[in-house]
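Participant: Return atomic coordinates for the entry below.
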Amino acid sequence: MRTRTMRALLWKDFRINRMILIVGAVLWLVPYIFTLKIEAISSGSSSPGYIEALAHGSLASMFASMLAVALLGSNAFSSERVSRSAAFLAYLPPSRATVLISKTISTIMPCVLIFGVNLLVLVILHATGHWQPRDIWIIASIPPTALSVFGVAWAVGSLLKSPAIACCCGIATPIAISMAVGYYLAGLGPNFPFHAYCITALTMGVLSFFGGSLCYLRANPDV
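Facilitator: Modelled structure (predicted):
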């Protein structure tokens, strides 16, 4: 019974997010097409050039996919607040904890898939000796950035009815963190601001995720 209920909830959440998943697929694929097309125009059929373009496409894809991450996080709760289905779900057999687990799985799975595939491309290119990252800090900053975007969008979406506001808050979070770190910590050495950014983004993402989840569990379903 629990398995059937969870399956039904997951299917419902994936249906709610289907347009976002389509947008995410486009944002994942277009940077690859764009960078490979530019490489084809500029250098013909050079194999090293295409490998470099593939790596750049992977990096561009991960940054472009931040929008999909923000949309998934913001839409988890706020979309049901708008449609009033959150109040309806509260009086059905599944507990709010079960609904929360379903929302977590249905939103995190696509994010893991998007970034997992892109990182796998970079790992394969690097392991085979075809590509050496010039700025490793760019790659290292992607996970904390994605987590901060998702966590804040998730938390704001649990409080507001507007997915757009929650999405914008998620996108603005790493920008605000980088500006604050750059302004206040720029004079403390070349590596300290980067480390501070990663720690701050990770902390904010985790706290926002758990805070938003707690708000959802304790919220009045009729609000």
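
Participant: Please count neighbours and contacts with C-alpha atoms only from this point.
Facilitator: Noted.

Participant: quick one: the helices in the protein?
Facilitator: Counting by DSSP state H, the chain has helices at residues 2-16, 18-43, 47-64, 66-83, 85-90, 96-127, 136-159, 163-185, 192-218.

Participant: Angles on the backbone of residue 130, please.
Facilitator: Note on residue 130: backbone dihedrals following degrees, to the nearest 10 are phi -90, psi -10.

Participant: That one and residue 50 touch, don't they?
Facilitator: No - assessed by Cα atoms under 8 Å, residue 130 is found out of contact with residue 50, at 10.3 Å.

Participant: and these two? which has more neighbours close in?
Facilitator: residue 50 (19 against 14; other Cα atoms under 10 Å).

Participant: Contacts only, for that one.
Facilitator: Residues near residue 50 by Cα atoms under 8 Å, 6 or more residues apart in numbering: 36, 39, 40.

Participant: Touching, the first one and residue 55? I think so.
Facilitator: No - look at residue 36 against residue 55 with Cα under 8 Å: they stay out of range, at 9.8 Å.

Participant: Please identify which of the two sits among more neighbours.
Facilitator: Taking neighbours as other Cα under 10 Å, residue 36 and residue 55 compare with residue 55 leading, 26 against 21.

Participant: circling back to that earlier point, could the helices of the chain be laid out in JSON lines, adding mean pLDDT?
Facilitator: Formatted as JSON lines, these follow (pLDDT from 0 to 100):
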{"stretch": "helix 2-16", "mean pLDDT": "82"}
{"stretch": "helix 18-43", "mean pLDDT": "86"}
{"stretch": "helix 47-64", "mean pLDDT": "83"}
{"stretch": "helix 66-83", "mean pLDDT": "83"}
{"stretch": "helix 85-90", "mean pLDDT": "49"}
{"stretch": "helix 96-127", "mean pLDDT": "89"}
{"stretch": "helix 136-159", "mean pLDDT": "91"}
{"stretch": "helix 163-185", "mean pLDDT": "89"}
{"stretch": "helix 192-218", "mean pLDDT": "91"}
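
Participant: May I have the residues that are in contact with the residue lying closest to residue 118 once chain neighbours are set aside?
Facilitator: Distances taken as Cα to Cα, 6 or more residues apart in numbering place residue 58 nearest to residue 118, at 5.2 Å, with adjacent residues excluded. Residue 58 sits next to 31, 32, 118, 119, 121, 122 when contact means Cα under 8 Å, 6+ apart.

Participant: same check, this time on residue 75
Facilitator: Contacts of residue 75 (Cα under 8 Å, 6+ apart): 17, 154, 157, 163.
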